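[1] Let's see this in three dimensions:
(chains A and B, ligands or ions: 2)
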There are 2 protein chains.
Amino acid sequence: DSSKQDNTSQSTDLVQLQKDPSNWTMWSGQYNGQRYSELDQINAENAGQLSPAWTFSTGVLRGHEGGPLVIGDTMYISTPFPNKVFALDLETHAIKWKYEPTQNPQVIPIMCCDTVNRGLAYGDGKIFLQQADTTLVALDQKTGKVEWKSVNGDPTKGESATNAPIVIKDKVYTGISGGEFGVRGHLTAYNVSDGKMAWRAYSTGPDDTMLIDPKKTMNAVTQKPVGADTSLKSWGGDQWKIGGGTTWGWMTYDPELDLLYYGTGNPGTWNPTQRPGDNKYSMTIFARDPDTGEAKWLYQMTPHDEWDYDGVNEKILVDQKIDGKDRKLVVHFDRNGFAYTQDRATGELLVAKKYDPAVNWASGIDMKTGRPKLVDEYSTDGKVDQNVTGICPAALGSKDQQPASYSPKTGLFYVPTNHVCMDYEPSKVDYTAGQPYVGSTVAMYPGPQDIVNPTKEFEGKRMGTFIAFDATTGEIKWSVPERFSVWSGALATAGDVVFYGTLEGYLKAIDAKTGKELYSFKTPSGIIGNVNTWKYDGKQYVGVLSGIGGWAGIGMAAGLTDPNAGLGAVGGYKDLKNYTQLGGVLTVFTLP
Amino acid sequence: DSSKQDNTSQSTDLVQLQKDPSNWTMWSGQYNGQRYSELDQINAENAGQLSPAWTFSTGVLRGHEGGPLVIGDTMYISTPFPNKVFALDLETHAIKWKYEPTQNPQVIPIMCCDTVNRGLAYGDGKIFLQQADTTLVALDQKTGKVEWKSVNGDPTKGESATNAPIVIKDKVYTGISGGEFGVRGHLTAYNVSDGKMAWRAYSTGPDDTMLIDPKKTMNAVTQKPVGADTSLKSWGGDQWKIGGGTTWGWMTYDPELDLLYYGTGNPGTWNPTQRPGDNKYSMTIFARDPDTGEAKWLYQMTPHDEWDYDGVNEKILVDQKIDGKDRKLVVHFDRNGFAYTQDRATGELLVAKKYDPAVNWASGIDMKTGRPKLVDEYSTDGKVDQNVTGICPAALGSKDQQPASYSPKTGLFYVPTNHVCMDYEPSKVDYTAGQPYVGSTVAMYPGPQDIVNPTKEFEGKRMGTFIAFDATTGEIKWSVPERFSVWSGALATAGDVVFYGTLEGYLKAIDAKTGKELYSFKTPSGIIGNVNTWKYDGKQYVGVLSGIGGWAGIGMAAGLTDPNAGLGAVGGYKDLKNYTQLGGVLTVFTLP
Ligand SMILES: O=C(O)c1cc(C(=O)O)c2c(n1)C(=O)C(=O)c1cc(C(=O)O)[nH]c1-2
Ligand SMILES: O=C(O)c1cc(C(=O)O)c2c(n1)C(=O)C(=O)c1cc(C(=O)O)[nH]c1-2
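    Ligands and ions are numbered 1, 2, ... in the order given. Here you go, the predicted model:
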């Protein structure tokens, strides 16, 4: 069988491997973060006939994020803590090898939003696992043997990790978690060959530690160099040292521009009154040279954050026309509820629109300054011990870690969203290394019902929507209401089918053009994983991890019941337990 | 929809409910233990088109035995320790209610063969759960509210529980586990209404504690009354007090004869030299009056056991012709490798044949005495500290807890079997309450390959077979080789399809007449649960719990690696981990 042959032939060149849509070599399929597949065997006509082909329980409970990588005849998946890795044989579905690290369980309580792991990376014959305890591990692709390990942080200081690494050329890149523990975020590059650190770029502090060149690193809005020590100057005293800006999100890469894109998280302490200034460069998109780490341009979405709107969401690289002109764009659906469309070479801000009309903390983005136009009523600054109510979106944003997808065929983004609002009461908090550094009490609840797609379906309890979005205009094209936030990563395909999972556990196939549901199947547990696709032995498959958890599912994952626990998510998602239970299972679908 | 209406109309009469094959009201579907369904929508022609309809993760790891009960529009399932109970809505697949007992985890280490639970019972509007800690609980069928609890044993003495209770008229019956801890077994009846104990019948000891009437209780072989204190006399000294004969298996009932059937487990200590005598009534089938508990007849399969061949396997009640004569039979596939066919009114022994030709510890059953004809070489008696090798079957028998099924259409039994042999080295052991009382070191390995159905398929590693067996003649009609023991309960249907699951996790549909595989699907984890069937809203469904564990899977379930651990199963089933991982998931199948 020739398709199988081709598929199995291994190349160490990741770009080359990505050209064959039989493979799914990284979190997004391709470097561009589009989560789009050229495969079209499954299409809008036949998707209704999908059914499960095989399944695999990981033996681990709690939240399963990320998704399966497929290279040739092998699938690679990882689990939440203790971060098991399985290599599965696509022919027999047997386990080729398994890797299970020994990690100190004391990392569990410092993981803010469940013990998730967002998946593996592949490069140069190695599978890369970013363990919860910050250890980055390179495993032999064929045997699972440890090639090297590098320790990227210190859990005793509140540092942990959940992100999927990515590989570019001879380096592998990884981030750090701990924005709720006063961790000073950084992105770090290691050599693929030996695991030696190549460079590290902090998110806050002196320019040299941030790999910012004050004369060359461009401010995306002014299109001028940022100038000297702009981060340092945006903080009071030493606050930048515990200033957050963690890097737990997804990374993308443009091989032509040779730029790496990622974002930084919330500034240290959720109580904004304790940290006057813009708190640079928390909540910022960075474009960096992957070889040197040098920042080429940057843009802060939410200066002086007052709501925990981490800027880490995936930066999707697409080529579209704006005002009739071909543009190389980077688009991202920020936690703060705005979708930003920028020139990805320069950062120039082209469009910034709400992708959920419920967003109320800002009335819009000032396109001159790039700053949000704040609405006083929903500001939490200077309001220590005051409960600010009715803020939309909630801290987990209009979208959180769940990556969107883009179809170059329809020119639309398919975005899994949250529709949740909150009450936010900041309070004074002292920093102790390794202890929570939050300083806010949050309550979450469903957003207003009557704004997008008015529907009686969930009786005033709608907490999510799956939308098709035009990033050149900022328009929502269609939207599918969901009872809970859509916490699963979307997939778009050349068959004009888009896929996502729901927190109740449904895998759904949707018509990319109309938003019509084509297929739905209740998988064993709530889905917070990403839907990926591949081809094996001539057949297209779609696979997703179930396993309720993540921030939305933290109540169930960690067994919490106080509604304010889990940073407010426990109360917000309290009904989830009536629909699903814990359990990590891969479900693979195909046509008959 | 009228079928739905009918199905939903509740009756408190269990016999009545059982008449509607839309329901599956007890472990075996019907009182007779046949695990046969009149449903024929899924048949040998269309079973190839089966596919998963929906799934449900229980959120519990370790071995999931038993299977779903279905009454009207609701499904009831239970999990291993901590013994969660879920009522699932068959329309929405949402959770109607959940019950989770608080149990002392100290019961876990006294459970010999994993923390399994063999499922729920239903009667009089109540769902009955036999908890691991021996507490029997009655839950309101509609709300899950606790109606009553009765404590049936004492875990500090090594007493635990895994069996499915059954309900007959106004009583609910349950057993006790702990044969590896010197527990004195008993069967106990509680009032369905208030949980008060109605009677208790011990397996060993004085007649009155065993509810044996020396003048009325019949010896099945002699067809004469057993006589006085036959149990007491078959033990040295007080050994009967720690003499085992636990009652952890399945129970069946004949409403016409008004007899309850069950079996007793191994005698206390696996070292036979320490307990001279027949060790009555371990390894015995009992037929009792369910109202009074009085033993009507009894038959000991393996007097003075030397191999741990517990006699608890399900007693299946069938009506078949033998020598041209209609007989009311009880058939059971004993751990010891013999299939016993008896008159179920009197116990008269009609047929007793090996159902795996590999069985070598006895050459046959003496039909006059009912005793096995022992083969010296494989006797372990008087061989303290000697390793007796090559005994077939292994301690877990030619069949263990996995219940067989029977089709009245084909007149055949469908039996999930083990094909495993062992080395057995008895050693002296002292009794301490609550401590293991085993006294033997066991190693297990695949049985010989060349006896039944010679096949190269599993390269000399075959550990199981699924067979069709004629219990009137003792003939194997066809057999399907399996890599591992078939530890899942079988189902036969009027559609001439039989179902079972494998330890790798495959749910298989087989042609009842030919043994040909019609359908196979890899469920999330290894299957040790029973396949059940029901009808909802006009459609036939088949459902099974995955979740590797039980004795065969104890290595994976409890994280053991010493090959002699888990009473020898760890080494025997060491390859399982290359095929599947832990995880409790219900998978429901239907036709498109
Ligand atoms: O600030 C941080 O370091 C940090 C880390 C993480 C993480 O690593 O999972 C999350 C967040 N923040 C966060 O703000 C957030 O909304 C979030 C959601 C999730 C998730 O996996 O569901 N993780 C995280
Ligand atoms: O003697 C006992 O009390 C006792 C209890 C149990 C049990 O409760 O699971 C098993 C056994 N014995 C046993 O011999 C055995 O083979 C066995 C298998 C299993 C299982 O669930 O896989 N349980 C038990």
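[2] Wondering if stretch A:538-548 reaches chain B at all.
    Yes: using C-beta under 8 Å from any C-beta of the partner chain, stretch A:538-548 reaches chain B at A:546-547. Every C-beta, even on glycine, is put in place using the N, C-alpha and C of the backbone.
[3] buried ones in that stretch?
    A:540-548 (16 or more other C-beta atoms under 10 Å in any protein chain shown).
[4] Can I get the residues you listed in CSV including distance to residue A:133 and secondary structure?
    Shown next, in CSV, are the buried residues of stretch A:538-548 (distance: C-beta to C-beta, whole Å; DSSP: H, G, I helix; E, B strand; the rest coil):
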residue, distance to residue A:133, secondary structure
A:540, 37, strand
A:541, 33, strand
A:542, 32, strand
A:543, 27, strand
A:544, 27, strand
A:545, 21, strand
A:546, 25, strand
A:547, 20, coil
A:548, 23, coil
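[5] Residue A:481 and ligand 2, how far apart?
    According to C-beta to the nearest ligand atom, to the nearest Å, residue A:481 stands 45 Å off from ligand 2.
[6] thought that residue was touching residue A:461?
    No: taking contacts as C-beta atoms under 8 Å, residue A:481 lies outside contact range of residue A:461: 10.4 Å.
[7] These two - which one has more neighbours?
    A count of neighbours by other C-beta atoms under 10 Å in any protein chain shown puts residue A:481 above the other of residue A:481 and residue A:461, at 19 against 12.
[8] What pLDDT is listed against the more buried one?
    Residue A:481 is assigned 93 on the pLDDT scale.
[9] where's it, which helix or strand?
    strand A:475-482 (DSSP states H and E).
[10] And that strand, what does it pack against?
    strand A:464-470 (3 or more C-beta pairs under 8 Å, 6 or more residues apart in numbering or on different chains; DSSP states H and E).
[11] follow-up on the earlier one: the strand holding residue A:481 pairs with which strands?
    strand A:464-470 (antiparallel) (DSSP bridges).
[12] Any residue of the partner strand touching ligand 1?
    No: using C-beta under 6 Å from any ligand atom, strand A:464-470 never reaches ligand 1; the gap is at least 13.4 Å.
[13] Up against chain B, what does the stretch 51-200 of chain A have?
    Counting by C-beta under 8 Å from any C-beta, the stretch 51-200 of chain A sits next to chain B at A:51-52, A:54-59, A:61, A:86, A:93-95, A:98.
[14] Show me which of those is closest to residue B:66.
    Closest approach to residue B:66 among those (C-beta to C-beta): residue A:57, at 18.0 Å.
[15] Give me the neighbour count for the closest one.
    Residue A:57: 28 neighbours (other C-beta under 10 Å).
[16] Does residue A:296 touch residue A:218 like I think?
    Yes: if you go by C-beta under 8 Å, residue A:296 and residue A:218 touch, sitting 6.7 Å apart.
[17] burial measure for residue A:430, as a count.
    9.
[18] Doesn't it lie inside a strand?
    No: judged by DSSP: H, G, I helix; E, B strand; the rest coil, residue A:430 forms no part of a strand; its state is coil.
[19] Tell me the one of the residues of the stretch 51-200 of chain A next to chain B nearest ligand 1?
    residue A:61 (15.2 Å; C-beta to the nearest ligand atom).
[20] Give me the below-cutoff pLDDT ranges for the stretch 451-592 of chain A.
    For the stretch 451-592 of chain A, the stretches with pLDDT under 70 are A:451-456.
[21] Where does it get nearest to ligand 2, residue-wise?
    For the stretch 451-592 of chain A, C-beta to the nearest ligand atom, closest residue to ligand 2: residue A:583, 20.8 Å.
[22] For the closest residue to that residue other than its chain neighbours, give its distance to residue A:581.
    In this structure, residue A:583 finds its nearest non-sequential neighbour in residue B:57, 2.9 Å apart by C-beta to C-beta, 6 or more residues apart in numbering or on different chains. Using C-beta to C-beta, to the nearest Å, residue B:57 is found at 5 Å from residue A:581.
[23] Show me the common contact partners of these two, please.
    residue A:525 (C-beta atoms under 8 Å, 6 or more residues apart in numbering or on different chains).
[24] the strands in the stretch 201-350 of chain A, which residues?
    A:218-219, A:224-225, A:252-254, A:259-263, A:284-288, A:295-300, A:316-322, A:325-333, A:338-343, A:349-354 (DSSP state E, counting those that start in this stretch).
[25] want to throw those strands into a markdown table with mean pLDDT and distance to ligand 2?
    Formatted as a markdown table, the strands of the stretch 201-350 of chain A follow (pLDDT from 0 to 100; distance: least, C-beta to the nearest ligand atom, whole Å):
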| stretch | mean pLDDT | distance to ligand 2 |
| --- | --- | --- |
| strand A:218-219 | 98 | 66 |
| strand A:224-225 | 98 | 70 |
| strand A:252-254 | 98 | 49 |
| strand A:259-263 | 98 | 50 |
| strand A:284-288 | 98 | 55 |
| strand A:295-300 | 98 | 59 |
| strand A:316-322 | 98 | 50 |
| strand A:325-333 | 98 | 50 |
| strand A:338-343 | 98 | 54 |
| strand A:349-354 | 98 | 56 |
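[26] Right, I'll call it a day here.
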